[in-house]
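> quick one, what's the 3D model for this:
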Amino acid sequence: MTKIVTYKKIHQNGIDTMMNEIALEFDSEIFPKTKSDTSIIPDKYWVAIDNEKVIGTVGVLIIENSVGVLKKMMLKKEFRGKEFGVSKKLLKIVIEWCKENSISKLYLGTMNQFKAAQSFYKKNGFAQIPKSELPNNFINNPLDNVFFVQELNNLKKQTLNA
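The predicted structure is shown next:
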């Protein structure tokens with residue numbers, strides 16, 4: 001059974017292993033050569049655990065009083081898809097936390113090759129925006145080239161889709 005828990009340092013080795021596995025899925029680089037972005041620990045960070053192994057992560061980095069950035073939304077390949085619902089659980093926990101903490105906008109950056117992720121974000125209320133519409137203090141992976149935003153104040157009655 002999959003559970004979502006708050007990040008602790010004991011999870012880091014499992015996260016590193018998962019990230020290496022995910023990187024092998026792609027022909028091009030998905031992590032920057034410098035560790036500046038990947039070393040950022042979000043303000044709030046969760047880990048998906050299945051059978052005592054890390055299978056996913058998600059976090060939020062607060063960049064302004066009411067603005068957050070979705071960070072480190074990653075999931076092992078064998079746990080992706082609607083039938084597992086792990087992506088939905090991870091996103092839901094972030095959005096609930098943001099609402100509880102008066103975060104009204106949530107931005108994210110991703111890469112062009114992550115088509116399934118882009119579709120997931122769109123199905124769950126994110127709107128694609130040009131890079132020029134990002135906040136000045138937006139922190140992103142330098143390899144990101146597709147950006148989204150969600151107005152969380154409009155989510156009171158919206159349900160998340162897988």
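
> which secondary element of this structure has the worst mean pLDDT?
Ranked by mean pLDDT, DSSP states H and E, the weakest helix or strand in the chain is helix 12-23, scoring a mean of 92.

> residues making contact with the helix with the most length in the chain?
Assignment by DSSP state H gives helix 86-100 as the longest helix of the chain. Residues from elsewhere that reach helix 86-100 (C-beta atoms under 8 Å, 6 or more residues apart in numbering): 2, 4, 44, 46, 48, 55-60, 68, 70, 73, 75, 79-80, 82, 106, 120, 124, 150, 152, 155, 160-162. Glycine gets a C-beta too; all of them are placed from N, C-alpha and C.

> among those, which ones are in strands?
Members of these lying in strands (criterion: DSSP state E): 2, 4, 44, 46, 48, 55-60, 68, 70, 73, 75, 106, 150.

> on that earlier part again, the longest helix of the chain - what's its average pLDDT?
Mean pLDDT, computed over helix 86-100, is 96.

> now that helix against strand 67-75, angle please.
Counting by axes from the mean of the first three to the mean of the last three C-alpha atoms, to 10 degrees, helix 86-100 lies at 160 degrees to strand 67-75.

> tell me where the model's unsure across the chain.
Applying pLDDT under 70 to the chain flags residues 32-39, 154-162.

> roughly how far does Val67 sit from Leu134?
As for Val67, its distance to Leu134 is 10 Å (criterion: C-beta to C-beta, to the nearest Å).

> overlap of the contact sets of the two?
The contact sets of Val67 and Leu134 overlap at Tyr107 (C-beta under 8 Å, 6+ apart).
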